[in-house]
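Student: build the 3D model from these lines:
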Amino acid sequence: MSRHDGPGGGSAELQRPKLVPLHGVPMPDIFLENWEAVEKFQADPQDLLIATYPKAGTTWVQEIVDFILQDGDADRCRRAPMDSRIPFLEFSCKGFHPPGTELLAKMPSPKVIKTHLPFQLLPKSFLDQDCKMIYCARNAKDILVSYFHFDSMNKLQPEPGTWEEYFHKFLQGNVSYGLWHDHVKGWWEQKDKHPILYIFYEDIKEDPRREIVKVMRFLGKALPDTVVDGIVQHTSFQSMKENPMSNYTSVPAIVFDQTVSTFMRKGEVGDWKNHFTAAQDKAFEADYVRRMKGCHLRFRTELQGGQ
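Tutor: Sure, this is the predicted structure:
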């Protein structure tokens, strides 16, 4: 099902996917075309999985991990765009880009792999092989805003509608990968049963060096302070936004229309305040309390002292 071949091999408008339930989790229908290969994916014990709910700092953590594994060598980290360096496991869009499973099949281990899958949909081999996993969580208010802008520019996501419509879709879990609440809780509940490092976007923003060192130790690496300082600099939001190997400008405009919104937009904590109305904030808070009842996870929706 090619979605971008026009007459004579030219480009036509991409047809946005529809959401379909996969074991109760809403997913873009295009991803289901390759689901059997995802489910059967065989991880190696040395493989590392980076997992997030969408727009929770995925690319940031990927870049940090790659810099650590490449001993802080910026040139090596510019060897290819992010989606080639760290393939997206469940991604599938025939006629546009090879599925994540195909890219991974050609890579030697140890591999670093990206996923947005909730824990219950994770291929069994990651658990059987006792693979290390890093899960990065971000507060839901900022994710909602970021996800709306992302879905507006990304033609491989369902049509977002208006901000007001999207706000309600998100609260109902009627977006790709379902409810944020279930996703963060699902991984949180498993973090002590498997080798999972559970980190927070807000913590990286507050003190990137501290969190980079935490990731480095989890990966069993020891790098000199000067190298760590370089990693902090190279993985800053501004550096990544200007780096074509991490800012996704290599993705064709028919897929990512970055005139609508840039892939790397603001990277702030608290941007939700520029979007939420008072009524939306009240509705969000009431829904949040209900869905997170009994969960000890705590999120910060702003940082002291601003950005």
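
Student: hey, let's count contacts and neighbours off CA atoms from now on
Tutor: OK.

Student: now for the strand or helix carrying residue 217, which elements pack on it?
Tutor: Assigned by DSSP states H and E, residue 217 belongs to helix 208-218. Helices and strands touching helix 208-218, by 3 or more Cα pairs under 8 Å, 6 or more residues apart in numbering; DSSP states H and E, are helix 58-69, strand 196-200, helix 201-206, helix 225-234.

Student: how about the ones you listed in JSON lines, adding mean pLDDT and distance to residue 185?
Tutor: Below are those laid out as JSON lines (pLDDT from 0 to 100; distance: least, Cα to Cα, whole Å):
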{"stretch": "helix 58-69", "mean pLDDT": "95", "distance to residue 185": "17"}
{"stretch": "strand 196-200", "mean pLDDT": "98", "distance to residue 185": "11"}
{"stretch": "helix 201-206", "mean pLDDT": "96", "distance to residue 185": "16"}
{"stretch": "helix 225-234", "mean pLDDT": "96", "distance to residue 185": "29"}
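
Student: ranking the ones you listed by burial, who's on top?
Tutor: helix 58-69 (a mean of 22; mean count of other Cα atoms under 10 Å).

Student: other SSEs contacting it?
Tutor: strand 48-52, helix 74-77, helix 82-85, helix 208-218, helix 225-234.

Student: which one of those lies nearest to residue 272?
Tutor: Residue 272 sits nearest to strand 48-52 of all the helices and strands packed on helix 58-69, at 19.2 Å, using Cα to Cα.

Student: state the mean pLDDT of that closest one.
Tutor: For strand 48-52, mean pLDDT rounds to 98.

Student: for the chain, where's the lowest mean pLDDT among helices and strands?
Tutor: helix 237-241 (a mean of 77; mean pLDDT, DSSP states H and E).

Student: okay, it in PDB with CA atoms only?
Tutor: As requested, the backbone C-alpha atoms of helix 237-241 are provided in PDB (Å, rounded to 0.1, in the frame of the first residue of the first chain):
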ATOM      1  CA  PHE A 237      18.100  21.400  22.600                       C
ATOM      2  CA  GLN A 238      19.700  24.100  20.500                       C
ATOM      3  CA  SER A 239      22.600  21.900  19.300                       C
ATOM      4  CA  MET A 240      20.200  19.100  18.300                       C
ATOM      5  CA  LYS A 241      17.700  21.500  16.600                       C
END
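
Student: okay, and residue 43 sits in which element?
Tutor: Counting by DSSP H and E, no helix or strand carries residue 43.

Student: confidence score at it?
Tutor: Reported pLDDT for residue 43: 97.

Student: and for it, the neighbour number?
Tutor: 24 (other Cα atoms under 10 Å).

Student: so it sits against residue 132, correct?
Tutor: No. The pair residue 43 / residue 132 is not scored as a contact, 10.8 Å apart, by Cα atoms under 8 Å.

Student: shared neighbours of these two, anything?
Tutor: Here residue 43 and residue 132 have no joint contacts, going by Cα atoms under 8 Å, 6 or more residues apart in numbering.

Student: just to revisit the earlier point, if you compare the helices and strands packed on helix 58-69, which one is most tucked away?
Tutor: strand 48-52 (a mean of 24).

Student: give me the contacts around that one.
Tutor: 58, 61-62, 110-117, 131-137.

Student: do the same with stretch 223-233
Tutor: 64, 67-68, 71-72, 208-209, 212-213, 239.

Student: rerun at 6 Å
Tutor: residue 72 (Cα atoms under 6 Å, 6 or more residues apart in numbering).

Student: possible to save the helices and strands packed on helix 58-69 as a markdown table with distance to residue 101?
Tutor: Shown next, in a markdown table, are those (distance: least, Cα to Cα, whole Å):
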| stretch | distance to residue 101 |
| --- | --- |
| strand 48-52 | 13 |
| helix 74-77 | 22 |
| helix 82-85 | 12 |
| helix 208-218 | 25 |
| helix 225-234 | 29 |
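
Student: nearest to residue 290, of the ones you listed?
Tutor: Nearest to residue 290 among the helices and strands packed on helix 58-69 is strand 48-52 (22.4 Å), distances taken as Cα to Cα.

Student: the closest one pairs with which strands?
Tutor: strand 112-115 (parallel), strand 132-137 (parallel) (DSSP bridges).

Student: got the angle for that strand vs strand 196-200?
Tutor: In terms of direction (axes from the mean of the first three to the mean of the last three Cα atoms, to 10 degrees), strand 48-52 departs from strand 196-200 by 40 degrees.

Student: next one: strand 48-52 to chain centre, how far?
Tutor: Relative to its chain's centre, strand 48-52 lies at 9 Å (Cα atoms, centre = their mean, to the nearest Å).
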